[in-house]
Structure formats: structure tokens, C-alpha cells
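Enquirer: how would this look folded up:
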Amino acid sequence: MLPTIMMPGKDKKEDQEKVDRELKKMIEKQHADPDFLFCRHGEKDWMGADPCCAFNEDGTFRENNWSCVLMSKVRDLMGQWSDSAYGHCWWDDDQHYGVLYIQSWVHGKEVDSYLQGTFVLLDWYKSRGKTDSFRILQGDVVREGTEKDALEIVKIYMKDDEDTPICD
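Expert: Model (predicted):
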């Protein structure tokens, strides 16, 4: 069962910690079993459109998405690192834009990842809405982000000894 995307409320911190614990378990399972499909649909707990994963079955980015659990976590991490030396987000009405640099050290540990030294570029609508674009900039090449990339980003920025991703 995939974690529920949480709406703001009085128990938001506890609810988000529960989601983060579930995401961490799922990331570990995905790395142990490459055939495990991480993010297909979350549970709906809001009025409005049904969730639709941001990734196709083959792991490629799908522009027609809504409230994807995995992309919501990537967006949350981007927001947490905003205005640090490694990232920044801009908001224009309900549209959000962000860039995150995958540095060589995170949480006091060296990053050993194919994404080290790349930039993640996102734009999205509202907090639980559509992710309009997900791109990876490696050197002078810009490519569409994949489900594997999103999983790797979450893995890099979640601390090993904690259930929630906390910025250094």
C-alpha cells in the first residue's frame, strides 16, 4: 500500500513523518528488488481529481500526472533545500519552479551516485498538483528525469538514521 499524500492540518508533522517512514521502506524495497514499482497511485484524501503517477510503467516521465507520491517527495526536498547553497525555489501564484544541485556531501556523508554533480530542474502546480517538468542537467546535456532519478534523489537526501529528510 502506498502512503497517503497528506493535507495540511493539526497533525501534519506526525502524518508527514509516517509518509516519510513508508517512503524509506519502499525505497529500500525498490533497491533490493529492481522489479518493484515504487509509485503508481497514492490514496486519495482530498476533493478533486484522482492521483495519477508521474511515471509510465517503463519509468519515463509522464506529463499527464497529478498528486504523484514520489514527485511530491522530490518537490518537498527541493523546498527544504531552497535558498541554501545548493538549491532555490521560486513561486509565481500557484506555479512553482526549483533547482537543486546534487552535491558531493549530504548529511556529512559522501554522495556515491550517478547523479552527483548534476542539477535537478522542476516546475509544478500547487502542493499536490501536477509536476509539469522534471529534468536533469548533466554537464551541457539536459534530459528528462526518470523514476530511477526521483528515487535516487530521495535516497540521497533522506538521512540513514532518521525517518525524515532533514537538511544539514
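Enquirer: for Glu144, which residues are in contact?
Expert: Glu144 is in contact with 60-61, 134-136, counting by Cβ atoms under 8 Å, 6 or more residues apart in numbering. To be clear about C-beta, it is placed using only N, CA and C from the backbone, and glycine gets the same treatment.
Enquirer: try it again with 10 Å
Expert: 60-61, 63, 133-136 (Cβ atoms under 10 Å, 6 or more residues apart in numbering).
Enquirer: quick one: low-confidence parts of the protein?
Expert: Filtered on pLDDT under 70, the chain yields the residue ranges 1-46, 127-128, 159-168.
Enquirer: helices of that one, residue ranges please.
Expert: Using DSSP state H, the helices assigned to the chain run over residues 12-32, 69-80, 147-157.
Enquirer: list the buried residues of stretch 85-100.
Expert: 86-87, 89, 96-100 (16 or more other Cβ atoms under 10 Å).
Enquirer: ignoring the adjacent residues along the chain, who's closest to Lys148?
Expert: Gly59 (5.8 Å; Cβ to Cβ, 6 or more residues apart in numbering).
Enquirer: how many neighbours does that neighbour have?
Expert: 15 (other Cβ atoms under 10 Å).
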